[in-house]
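Colleague: coordinates only, sequence not included:
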């Protein structure tokens, strides 16, 4: 086992600090009580999700001359739409409305702004479950875009794929029904899971070890063009498609069971480090490169999963107490709590930050080309 994840004092003093970041102006759902636990985004860095203990919320990153912001996603385009220009026109209006959110302070006081994130459709497989971590996989062609959220839940023993976006008034078959007494024009739809995998637990030390963190490789698509919203997008068959971290510090690559299609088993422990691999601390980039947040020692590290070797490491800025990392395209995202020793940790304000990808990693990562909105 390669233990090069533990830097010496000299290593720490010589390593660079992560390039300067920017705190985004984010309005959390349930502003006074929302406690985000983990963040994830797709390979382009434009579709962003945050999860608390029981729900997943989605937003879209918009880059404009005025800066970077998170807005509720534009209306998606579905198969079955007869007028493809209409949704595009609605999307343009939505973007214009988002820019109108930048109003003078006196206007903002009169009219509260909506949250930056919208709750995803209710997925039946997640009902009553406590969530551990999340990932996002999006596929698209010239007219259609399908985004799936992958949720680690049930004490880290299940991985479930659900539609991230949907809407009322379409023929999308994952929509189950309108719950009794609810208005379909205003309430969230209900969707079925697209795939569900059990993570084998016989290899875990049940007295001291649990699965805490998840990284999914966006390259691991099912390999065929999706025909409808009910097609699953993610295929974890190969080694390196799914990486998990445990409370005992193991970073483990999973693959699909040889004979059980819906079970994932460990292939090898690519790293073992001191301290747990915390919730929200793993991110796989296209090409399979792993980014790992080490908040307990103030670092982020880039790892080659094939060899388990360290590619680079950077000190975290002291702007916040960082606890979750994600990234896509040329951007890293991190969640951080304000540093205020006079306030209990659970009550400290959480902010969302964006950082440019370190130049050294741009040469290593397979960066997907930018797409026009």
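Modeller: Right, received. Where do you want to start? The structure presented is a predicted model; accordingly, all values stated were derived computationally and were not measured. Numbers count the residues shown, from 1 in each chain.
Colleague: what about residue 262, how many neighbours?
Modeller: 12 (other Cβ atoms under 10 Å). To be clear about C-beta, it is placed using only N, CA and C from the backbone, and glycine gets the same treatment.
Colleague: Show me the helices in the stretch 1-150 of the chain, by range?
Modeller: 9-14, 85-100, 105-110 (DSSP state H, counting those that start in this stretch).
Colleague: Same question for the stretch 251-373 of the chain.
Modeller: Counting by DSSP H, counting those that start in this stretch, the helices of the stretch 251-373 of the chain are 359-362.
Colleague: low pLDDT regions in it?
Modeller: Scanning the stretch 251-373 of the chain with the threshold set as pLDDT under 70 gives 364-373.
Colleague: where exactly do the strands run in it?
Modeller: 263-272, 282-284, 290-294, 299-304, 309-315, 321-328, 331-337, 350-356 (DSSP state E, counting those that start in this stretch).
Colleague: Compare the ones you listed and report which one is nearest to residue 10.
Modeller: Residue 10 lies closest to strand 309-315 among the strands of the stretch 251-373 of the chain, at 12.9 Å (Cβ to Cβ).
Colleague: how much does the closest one deviate in direction from strand 350-356?
Modeller: 120 degrees (axes from the mean of the first three to the mean of the last three Cα atoms, to 10 degrees).
Colleague: Count the neighbours of residue 359 for me.
Modeller: Residue 359 - counted by other Cβ under 10 Å - has 10 other residues nearby.
Colleague: same check, this time on residue 17
Modeller: As a burial measure, residue 17 scores 12 neighbours (other Cβ under 10 Å).
Colleague: Report the contact partners of the nearest residue in space to it that is not next to it in sequence.
Modeller: Leaving out its chain neighbours, the residue that sits closest to residue 17 by Cβ to Cβ, 6 or more residues apart in numbering is residue 315, at 4.5 Å. Residue 315 is in contact with 12, 15, 16, 17, 18, 298, 299, counting by Cβ atoms under 8 Å, 6 or more residues apart in numbering.
Colleague: partners of residue 315 in the sheet?
Modeller: Using DSSP bridges, the bridge partners assigned to residue 315 are residue 17, residue 299.
Colleague: What mean pLDDT does stretch 202-210 get?
Modeller: Stretch 202-210 carries an average pLDDT of 87.
Colleague: try stretch 48-68
Modeller: Average pLDDT, stretch 48-68: 84.
Colleague: mind listing what's buried in that stretch?
Modeller: In terms of neighbour count (16 or more other Cβ atoms under 10 Å), stretch 48-68 has its buried residues at 48-52, 55-62.
Colleague: again with stretch 7-14
Modeller: residue 7.
Colleague: Highest neighbour count among the contacts of residue 315?
Modeller: residue 18 (22 neighbours).
Colleague: can you pull the contacts of the residue nearest to residue 243 when sequence neighbours are not counted?
Modeller: Excluding the flanking residues, the one nearest residue 243 by Cβ to Cβ, 6+ apart is residue 215, at 4.3 Å. Under the criterion of Cβ under 8 Å, 6+ apart, the contact partners of residue 215 comprise 135, 242, 243, 244, 245, 282, 283, 284, 290.
Colleague: Spatially central residue for the chain, please.
Modeller: In the chain, the residue lying closest to the centroid (Cα atoms, centre = their mean) is residue 40, at 1.3 Å.
Colleague: Hmm, residue 57 and that residue touching each other?
Modeller: No. Assessed by Cβ atoms under 8 Å, residue 40 is found out of contact with residue 57, at 11.2 Å.
Colleague: which stretch in the helices of the stretch 1-150 of the chain is the model least sure about?
Modeller: Looking at the helices of the stretch 1-150 of the chain, the bottom one is helix 85-100 with a mean of 39.
Colleague: hmm, back to that, could the buried residues of stretch 48-68 be laid out in CSV, adding distance to residue 262?
Modeller: Listed next are those as CSV, based on distance: Cβ to Cβ, whole Å:
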residue, distance to residue 262
48, 28
49, 23
50, 27
51, 22
52, 27
55, 24
56, 21
57, 27
58, 25
59, 30
60, 31
61, 33
62, 37
